[in-house]
Each structure stands twice: as C-alpha cells, then as structure tokens.
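Engineer: Here is my input, please return the structure:
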Amino acid sequence: MGDRCKEMTETYRYTVLLVDDEVEVIEAIMKKINWEGLGFSVIGYANNGVKAFEMVEEFQPDVVMTDIRMPYMDGMELSNRIKTEYPATKILLFTGFDEFEYAKEAVHLEVEEYILKPVNSVELTNVFTQMKIKLDQEISEKRNAESLKKYYLDSLPLLQANFYSTLVEGLIREEDLEKYLSDYQISFSGPFFCCLVVHTSSGQLPEGMNPVLLTASVQKQVMERIGEKWRAKCFSYLGNTVLLAQLKNEGEVADLTDECDRFCRYALRIIGAVVTIGVGRACRELLELSQSYSGAREAVSYRGIYGATRAINIAEIAPRGNSGAGGANEADLAKLFKAVRLGTAQEVKEAVEQYLGHTLFPQQSLQQHHIDVLELVSALYRFAENNELTVAAFSGDMGKLCSRLLDLEPEALRKWLCGVCLSMRELMINERSQSTKSFVQKAKEYVRGNYADEEISLDHVCESLGVSNSYFSTIFKKETGNSFIGYLTDYRMEQAARMLLETNEKSYIIAKRVGYADPNYFSYVFKRRYGVSPSKYRTEHEKSEG
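Structural biologist: Take a look at the predicted model:
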C-alpha cells in the first residue's frame, strides 16, 4: 500500500494558481521555477482576487500563490474565501509590504507561507519542495489502509441499517446475502426469525412532548426490554422502529407477542406513549423476513379495529395464506414502480416479468387470479394519480377495463402491463425534462428581474427556487452551457451595453444600474467581455452610426 501511494504521488502533478496584479511578477515566477521538476503544474494566473476566485471555483487548484494588495478583492479576502469553501487548498502569500498585521492574519487563516518580494528563486524552490512533501503526506494518509478501516468501521451502523431496510423490502438477492452479512459484520444465528414493527402515535402525545423525541425514547426502551432478550436487530424505517427478532423455535412467537403486549402498556404508563407493535409471521430463512415485515406492517394497520396500546400478531387475525402472498406481491410491485421511476426500458420489462411470474401466473384459483388482477389495476391507478400522470389506459370506464383484463390470455396481459408501465416511464421522463426546463427558465426570469441588485448571488437564486446550490449549478450548466454567475455577468453586460448606446448616463450610473457598486470593477468586467472600456464602446458605436 505504501509503495503504491508513493508511486501515485510521484507521478501526480499538483496544480498551482498564481495571482498578482503585476504581470511582470507572474512572468518572473513562472520562469524562475522548474515547476515540472518540483512536481507542480501552473494552471494559469489572475490579476485580481475576483478573477482568481472564479478560477479556484472552476479548477480547484491544490495551491494558490497570491499577492496581498490587489484591486476588487485583496489577497486576505481571497484567502479567507478559499479557506472557507475549499479548505484543502494550500495558500502562499507574497507581498512587498512587510507588515506585521498582515502576517498575523495570515497565520490565523492557516496560510502555508508568507513570502516577501522580490521573490528569490532558491527560497521559492525550497518552499514548493516542502509543499510537495506535505501534499504527498496528506494523500498517503488519506489512502492509508488503517484510516480506511477506521472509516469503514465508523460507517458500519449506517451500512447495517441500510441492509436491514433493503432486506425487509425484499430487494436482497439470495446469491448476495452471505457477502452482505460478512462485509457488514452481521450475525443472524436464528434458527427462526420474526419481524416486529413498533408504531408510536404522533397524534396522541404527552403534553409538551416532541414526537421525534418520543419515538426515540420508545426505540431505546424497546431495545432494552425486548431487543436484547430476543437478539433483535433494530433500525428506523418509514417513521417506525423495526426489530428483526431471532427465535429458537416457531412456537416462541406467542411468547414474543405477549412480551410486546406488556411493553405497549409499559410505554403508556411510564412515558405516556401510545405504542402499537405489529408481529409478523415466524420464518426459517432471512430472505423471508420481507414477508414477515409485510405481515407486521399490516398488523399495525389493524389498530383501528383491535385498538392501539397493544401487540397485534398477524397470524392471529389473518388467514395464513394472505400475508405471505401479500408480502411478495408488494415487494414485486415496489420493484416495478421503482423501475418505472428510475430504470431503463429493459429494467421495466424485467420487473414486469418478475411481478407476473410471482403473482399473476403461478397456479392458483380463478377467484384469486381475479383478485390479483383487480389489485394490480388499483395499484397502477394509484401510482399514476400520485405522480400526476395522465395514462390513456385509465381514461375510460374502469369497470370495462377490469372486465377486459380478466378475459386476457397470459401473453396479452403481459403485453398490456408492459405497455402501461413503459408509457408511465416515458411520461415521467418527459415530466422531469419539462420540470428542468421550467426550473432554468425561472432562474433566468429571476436574473432579469433582479440583475440590478448588487447582492444577487447563487445562494439567493437557490433560496428563491428552493433547491440546493450543487443541484442547481449542475442543472443550469447542463441546460445553458454556462454557470449561473457567468450567465448573470453576461446579462448584466448586455444591459450595460444597451444603456451605453441608448442613454447618455455616466458610466458609474450604468454600473450601479446593472448591479456593480464599484465602477472600476464594472469597467474591468465590461472590457473583459467586449474588449474595450465602456466609454470607448460608446464612442466607437456612435462613430459607426454616424
């Protein structure tokens, strides 16, 4: 591992951004240093802090070497912003002003070095030699096996909880099970298993109690009073606490149910929580826990009939065949709808085949087949309604549709279901595409309505749209080919150019009208955009019109 890290750091070249408003200083530094020999590559240079920060955002260099005294944004402010948003970037400060306060603040900002002009090539070579050693060491530490192991162990509880939720969803493949158990250091000795769903009412709370804190308290208590005895794995899922209990034999389910019932009364008496515990069926195989979970969740839903503050065992209130079939049915439906939302067309077809193979086409009574077809149509209709999809198949008489489907041969039913699911997938893709375009259009409208506000920023527009910066930036760049700040700057410059030609206003007035408090910086940005100063731009266009 160590040799591999050494090999990688020897071949990798760290990137450097040079920042100084004196071009001759930049040129001297670039010529004096054998960058390639030191293991570095200069990605470019900037002559002010604003331009430098734009380049940091775009290239994220390993090292920024900057002067302190510069226009628009000085080196101290630049360093502060880099350390805030890109803390891994190393900063070297060099200046011709040997002032103690600057040096003191540089130390506060964790600047690597403070170098005085004129820059000595020997001194600078030594600085970057030491910088290379430090960067190599940091990379080695990040790749160090012990660090990775510690990170993995710290992440285990989260990985285990994710595994448990995937297990009860019925999404673990048999061939992958042992690997998950080994990788996540999970032990299930059984030999029987049973799923419990612990539901804490959020509508009946002790006075002054927060529902989240109450649920956490119940989870802690249930692990202490039930979890430990029954060797249960505990995790939170869909707002409930779920326990995967381990039993010595199938008959212990009755004892487990009684103990859960006593806990529900205890929770009400001690902490005032109205708790209902659904008890699923016992099973021999871990992969059957998805069916046990489905039964436990169904049992909780019976609290309206049997009452809350008690344990409800699905085996005691429902015929044996119903819960198991329902679990497989729900798991396959969940997989089918997930494929419709996020999968490829091929994945949708495979999910259809799995659903039909497990639910509609096995040997069963005609009555059960009819029930399954009606439940399928109902589930598809609810999915379309919940996702606001206008599906042609559901636009007519639902009674006639169900009657027609009940008479279809297996192949025809397969073709119908596949067609409906692929149609819904296309509608969702189109909806996302339209949503994205609308999203970008709203951002553009925000710019058009607020470009004169000098405080406008990426944070402001994201707050206005209710999205994260990272998601917004990705979508905006993908749709427009430009960053939001780039688009804002271009729009401001277009408005400024128009005002220069259509009005007689002074340049500093126009600068303020397009969102720039500093007229000098406005002139700098305008010249970068159009190649000439604002005043010259106006003069040239007046001559051409004359």
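Engineer: in the stretch 201-350 of the chain, which ranges drop under the pLDDT threshold?
Structural biologist: The model of the stretch 201-350 of the chain has pLDDT under 70 over residues 304-306, 317-329.
Engineer: Tell me where it has helices.
Structural biologist: 211-222, 252-271, 289-301, 303-306, 314-317, 320-342, 345-355 (DSSP state H, counting those that start in this stretch).
Engineer: Quick one: closest of those helices to Phe94.
Structural biologist: helix 320-342 (51.2 Å; Cβ to Cβ). Yep, even glycine has a C-beta here, placed from its N, CA and C like the rest.
Engineer: Let me know which of the helices of the stretch 201-350 of the chain is tucked in deepest.
Structural biologist: Stretch with highest mean neighbour count among these: helix 289-301 (a mean of 25; mean count of other Cβ atoms under 10 Å).
Engineer: relative orientation of it and helix 252-271 in degrees?
Structural biologist: Inter-element angle recorded for helix 289-301 and helix 252-271: 50 degrees (by axes from the mean of the first three to the mean of the last three Cα atoms, to 10 degrees).
Engineer: chain center to helix 289-301, what's the gap?
Structural biologist: Relative to the centre of its chain, helix 289-301 is centred 29 Å away, using Cα atoms, centre = their mean, to the nearest Å.
Engineer: do stretch 402-418 as well
Structural biologist: 39 Å.
Engineer: Likewise for stretch 412-419?
Structural biologist: Distance, centroid of stretch 412-419 to centroid of chain: 35 Å (Cα atoms, centre = their mean).
Engineer: Go through it and flag the buried ones.
Structural biologist: With burial defined by 16 or more other Cβ atoms under 10 Å, the residues of stretch 412-419 counted as buried are 413-414, 417-418.
Engineer: Of all the helices of the stretch 201-350 of the chain, which one is nearest Val525?
Structural biologist: Closest among those, using Cβ to Cβ: helix 320-342, at 42.0 Å.
Engineer: Other residues contacting stretch 200-219?
Structural biologist: Applying Cβ atoms under 8 Å, 6 or more residues apart in numbering, the contact partners of stretch 200-219 are 198, 234, 236, 239-241, 267, 271-276, 308.
Engineer: Return the subset of these lying in strands.
Structural biologist: If you go by DSSP state E, the contacts of stretch 200-219 have 198, 234, 236, 240-241, 275-276 in strands.
Engineer: Switch the residues you listed over to JSON lines; also include neighbour count.
Structural biologist: Shown next, in JSON lines, are the ones in strands among the contacts of stretch 200-219 (neighbours: other Cβ atoms under 10 Å):
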{"residue": "Val198", "neighbour count": "28"}
{"residue": "Cys234", "neighbour count": "20"}
{"residue": "Ser236", "neighbour count": "15"}
{"residue": "Asn240", "neighbour count": "21"}
{"residue": "Thr241", "neighbour count": "23"}
{"residue": "Val275", "neighbour count": "26"}
{"residue": "Thr276", "neighbour count": "25"}
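Engineer: In this protein, where is pLDDT below threshold?
Structural biologist: The model of the chain has pLDDT under 70 over residues 1-11, 96-109, 143-148, 304-306, 317-329, 359-366, 407, 432-437, 466-471, 543-546.
Engineer: and it, what are its domains?
Structural biologist: With automatic domain parsing as the criterion, the domains of the chain are listed as 2-143, 180-318, 326-431, 451-545.
Engineer: Please work out which of these is packed deepest.
Structural biologist: Highest mean neighbour count of the domains of the chain: domain 180-318, a mean of 18 (counted as mean count of other Cβ under 10 Å).
Engineer: if I look at Arg528, how far off is Leu286?
Structural biologist: Distance, Arg528 to Leu286, using Cβ to Cβ, to the nearest Å: 63 Å.
Engineer: now swap in Glu385 and tell me
Structural biologist: The value you get for Glu385 to Leu286, if Cβ to Cβ is used, is 35 Å.
Engineer: State which helix of the protein is the longest.
Structural biologist: In the chain, with assignment by DSSP state H, the single longest helix is helix 410-450.
Engineer: can you give me the strands for the stretch 1-150 of the chain?
Structural biologist: For the stretch 1-150 of the chain, the strands defined by DSSP state E, counting those that start in this stretch cover 14-19, 40-46, 63-67, 90-95, 113-116.
Engineer: Out of the ones you listed, flag the one nearest Ser438.
Structural biologist: Between Ser438 and the strands of the stretch 1-150 of the chain, the shortest gap by Cβ to Cβ is with strand 40-46, which sits at 35.9 Å.
Engineer: and the angle for that closest one with strand 63-67?
Structural biologist: Angle of strand 40-46 versus strand 63-67, following the same axes, to 10 degrees, is 40 degrees.
Engineer: on that earlier part again, of all the strands of the stretch 1-150 of the chain, which lies closest to Val532?
Structural biologist: Nearest to Val532 among the strands of the stretch 1-150 of the chain is strand 40-46; the distance by Cβ to Cβ comes to 20.8 Å.
Engineer: Check the offset of the closest one from the chain's centre.
Structural biologist: With Cα atoms, centre = their mean, you get 32 Å for strand 40-46.
Engineer: same thing with stretch 452-467?
Structural biologist: Chain-centre distance of stretch 452-467: 21 Å, with Cα atoms, centre = their mean.
Engineer: Extract the C-alpha trace of that stretch and format it as CSV.
Structural biologist: Coordinates of each C-alpha in stretch 452-467 appear next as CSV, following Å, rounded to 0.1, in the frame of the first residue of the first chain:
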residue,chain,number,x,y,z
ALA,A,452,-29.6,45.5,-10.7
ASP,A,453,-29.3,44.2,-7.2
GLU,A,454,-25.6,44.1,-6.3
GLU,A,455,-26.4,41.5,-3.6
ILE,A,456,-27.8,38.9,-6.0
SER,A,457,-25.9,35.6,-5.8
LEU,A,458,-26.1,31.8,-6.4
ASP,A,459,-27.3,31.5,-2.8
HIS,A,460,-30.2,33.9,-3.4
VAL,A,461,-31.5,32.3,-6.5
CYS,A,462,-31.3,28.8,-5.0
GLU,A,463,-33.2,30.0,-1.9
SER,A,464,-35.8,31.6,-4.2
LEU,A,465,-36.2,28.3,-6.1
GLY,A,466,-36.0,26.1,-3.0
VAL,A,467,-33.1,23.9,-4.3
